[in-house]
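[1] Coordinates for the following, if possible.
(chains A and B)
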Amino acid sequence: MTEFQEWAYTPKVKEHFMNPKNVLIGDEKFDADGRGIVGNIKCGDQMLMMIKVDRAKNIITDCRWKTYGCASAIASTSILSEMVKGMSLEQAYKLSPKDITKELDGLPEHKIHCSVLGDKALRAAINDYYAKTGQKDKIEKEAAKVVCQCMNVSDTEIEHAVLEGARTYLELQEHTKLGTVCGQCEPEARKLLEKYIQKHFG
Amino acid sequence: MPNKSIYLDHNATTPLHPEVKKTIINSLDDFGNPSSLHQFGRHARHLVEQARAKVASFIGAEPDEVFFVGSGSEANNTVLSLIPCDQTNCSCMHGHRRQTVTTTIEHPCVLESSKCLGKRGGSVTFAKVDPTGKVDIEHYKSLLNENTGLASVMMANNEIGTIEDIKTLCSLAHEKGALFHTDAVQAVGKIPVNVKELDVDFLTLSGHKIYGPKGIGALYVRKGVPFCPLIHGGHQERGRRAGTENTLGIVGLGKAIDMRTVEMTTEENRLLKLKKILKDGIEKNIPDIRFNGHPTDCLPGTLNVSFRGAEGEALLLYLDLEGIAVSTGSACASGSLDPSHVLLATGIPVEEAHGAIRFSLGRDNTEEDIQYVITKMTEVAKRVRNMSTAYRGGKS
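    Sure, this is the predicted structure:
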């Protein structure tokens, strides 16, 4: 028996959707040390992340955000803004979409992309901080190339999936959700799958 | 659950009319198979034929021109699959016309099934619409030719409510010798529809959009028009649709039509007034909006509004928390990030299509409900815009 769904998403998502934390409201003044904006309104979501950094301790002390997007996007940014407070820049830099969805007790597969924008915006804000404070050497170039546009899966993630055991296209899809929306990336993904299998296990 | 519950999604589906509910409950024991010759069968047959006569008379058809199907989607698929026909020795002589003309704003069940024709040796072209959602007659005309077997245009659009000029579109198709189908699922029972006046060859209608049950629809097929069933295997519905008749659904649809006959005119006038209150209220209280669809040739209860700088799903779910049920123009919630194909076809900017909300009113809605909706909509729009990167108080 499937249970009646009290709401469209998990209670955690609902909680953060109903009472989003750390939103930059209207004309609120917030002297950010780093600011990052990612996404595009045309695609349906856009996020702005602003962080305050304690330079001596190298930790994020406060943050504010704005989001144009659906309920999952709002909840993802809200929970992320709670997670990063008190976190070291290095730790925050490594946060992944998976960490966000885990905190939210999960998102439906087709909403995963909403959490992807959150961590991208955060990294953009940290990069901005690094750039402003003369620490450009710390900026990791996002060398990864996006293969699957729909589910935002990069070649590095495909490599990761191969390392975790994916050997067939189907297994790759199970690991990354790649190619599950429009399917356009299938030929390229199959090539990369072969390439990484050869590289690591060939 | 919130205290209020205001349902403004009648274009998606409607609650059963209390009279329909009563009729169905009273028929629960009428289990006979309408094809059986004994008394049980004859009784069920009588119920089915009574309903058929009601549906037929409501749209100006003969009873033997109407048959029952499982849904509006089934009716549409049935018609769309007629062209192209691969039978070489078919008596209908229509098979050589392998092209279908439809529009960019049809329901997905028409768009998808017509795309499927391409894989079966046919071809399909899509007529454009103007910014109000009306079919671009010149473009439509240019697509029709001697290879066109069928033209299919919806009578009223489910998302923006725009009512098409079916009579003109139909006669243009007939001039080229093509058959004409209209998906009138959103129109029948909301605006007057007469198949003879419109001169259409096929018409689709559905039960659950007009306070009848789900799982029942009807297809009108003009007498003498070539027709092949989609579901083969039985003599039911004069060989046009195999499968034992859904007696309860049919009885429910018949009663729903009865009630529409009585209530439609007064009820739709009332909805038109309510919609005006809603429209004026939104316009007065919320800046940076756009009303989508046609200002006058529109379903009485349908209002589609774009809220600039706000995303549709967020608006919908905040309204849901206030007990108000609406629908988005965007299909974000259904797994695709693409905004509504209908709104995009009308040429509105993608950003505005993402922020569209459809209110579709119905017989349970009161003026008090609408006032509450205006208040809550104003709050919710403000709330979503306040945290949006894409809204700067009219400057965006």
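
[2] What distance do you get for the residue nearest to B:Ile324 when sequence neighbours are not counted to A:Asn127?
    Nearest residue to B:Ile324, sequence neighbours excluded (CB to CB, 6 or more residues apart in numbering or on different chains): B:Ile6, at 5.0 Å. For the C-beta atoms, the positions are set from N, CA and C on the backbone; glycine is no exception. To A:Asn127, B:Ile6 is 46 Å away according to CB to CB, to the nearest Å.

[3] now the helices for chain A?
    A:11-18, A:71-84, A:89-93, A:97-103, A:112-132, A:155-163, A:169-176, A:186-201 (DSSP state H).

[4] Least reliable of those helices by average pLDDT, please.
    The minimum mean pLDDT among the helices of chain A belongs to helix A:155-163 (a mean of 80).

[5] Quick one: residues in contact with that helix.
    Residues from elsewhere that reach helix A:155-163 (CB atoms under 8 Å, 6 or more residues apart in numbering or on different chains): A:143-145, A:147, A:171-172, A:175-176, A:178, A:189, A:192-193, A:196-197, A:199-201.

[6] Could you rerun that using 10 Å?
    With CB atoms under 10 Å, 6 or more residues apart in numbering or on different chains as the contact definition, helix A:155-163 has outside contacts at A:96, A:142-148, A:151, A:153-154, A:166-167, A:171-178, A:185, A:188-189, A:191-201.

[7] Can I have the buried ones of those residues as a PyMOL selection?
    Typed into PyMOL, the line below selects the buried ones among the contacts of helix A:155-163, using 16 or more other CB atoms under 10 Å in any protein chain shown:
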select buried, chain A and resi 147+148+151+153+154+166+172+173+175+176+177+178+185+188+189+192+193+196+197
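
[8] Got the domain ranges for chain A?
    Structurally, chain A divides into domains by automatic domain parsing as follows: A:11-138, A:146-201.

[9] ok, and which of these has the densest surroundings?
    Mean neighbour count (mean count of other CB atoms under 10 Å in any protein chain shown) peaks for domain A:11-138 among the domains of chain A, with a mean of 20.

[10] Could I get the full set of helices for the stretch 151-300 of chain B?
    Here the stretch 151-300 of chain B has its helices, by DSSP state H, counting those that start in this stretch, at B:166-175, B:195-198, B:236-239, B:247-285.

[11] The last one: which residues count as buried?
    For helix B:247-285, a neighbour-count test (16+ other CB under 10 Å) marks B:247-260, B:263-264, B:267-268, B:270-271, B:274-275, B:278-279, B:281-282 as buried.

[12] do the same with the third one
    Along helix B:236-239, the positions that meet the burial threshold by neighbour count (16+ other CB under 10 Å) are B:236-237.

[13] pretty sure B:Leu343 is touching B:Asn304, no?
    Yes - applying CB atoms under 10 Å, one finds B:Leu343 in contact with B:Asn304, separated by 7.8 Å.

[14] Identify the residue nearest residue 150 in space, chain neighbours excluded?
    Went with chain A since none was named. A:Val181 (3.5 Å).

[15] hm, I was asking about chain B
    B:Ile83 is the one closest to B:Leu150 (CB to CB, 6+ apart), at 4.5 Å.

[16] dump the residue contacts of the closest residue to B:Arg392 other than its chain neighbours.
    Once flanking residues are discounted, B:Arg392 sits nearest to B:Gly309: 7.7 Å by CB to CB, 6+ apart. Listed by CB under 10 Å, 6+ apart, the contact set of B:Gly309 reads A:41, A:68, B:288, B:351-352, B:354-355, B:381, B:384-386, B:388-396.

[17] Then B:Gly355?
    B:Gly355 sits next to A:41, A:44, A:68, B:288-290, B:305-315, B:328-330, B:339, B:343, B:349, B:381, B:384-385, B:388, B:390-391 when contact means CB under 10 Å, 6+ apart.

[18] Buried residues of the worst-scoring helix or strand of chain B on mean pLDDT, list them for me.
    In chain B, the helix or strand scored least confidently by mean pLDDT, DSSP states H and E is helix B:108-118, which has a mean of 83. For helix B:108-118, burial by neighbour count (16+ other CB under 10 Å) applies to B:109-111, B:113-114, B:117.

[19] check contacts around the residue nearest in space to the middle of chain A.
    Nearest to the geometric centre of chain A sits A:Val116, at 2.6 Å (CA atoms, centre = their mean). By CB under 10 Å, 6+ apart, A:Val116 lies in contact with A:38-39, A:45, A:73, A:76, A:96-98, A:100-101, A:151-153.

[20] Can you pull the phi/psi pair for the closest residue in space to A:Lys177 that isn't next to it in sequence?
    Excluding its sequence neighbours, the residue lying closest to A:Lys177 (CB to CB, 6+ apart) is A:Met151, at 4.6 Å. Note on A:Met151: its backbone torsions stand at phi -100, psi 10 [degrees, to the nearest 10].

[21] Just list the residues touching residue 131, thanks.
    Picked chain A for this. By CB under 10 Å, 6+ apart, A:Ala131 lies in contact with A:34, A:138-139.

[22] my bad, chain B
    B:292-294, B:345-348.
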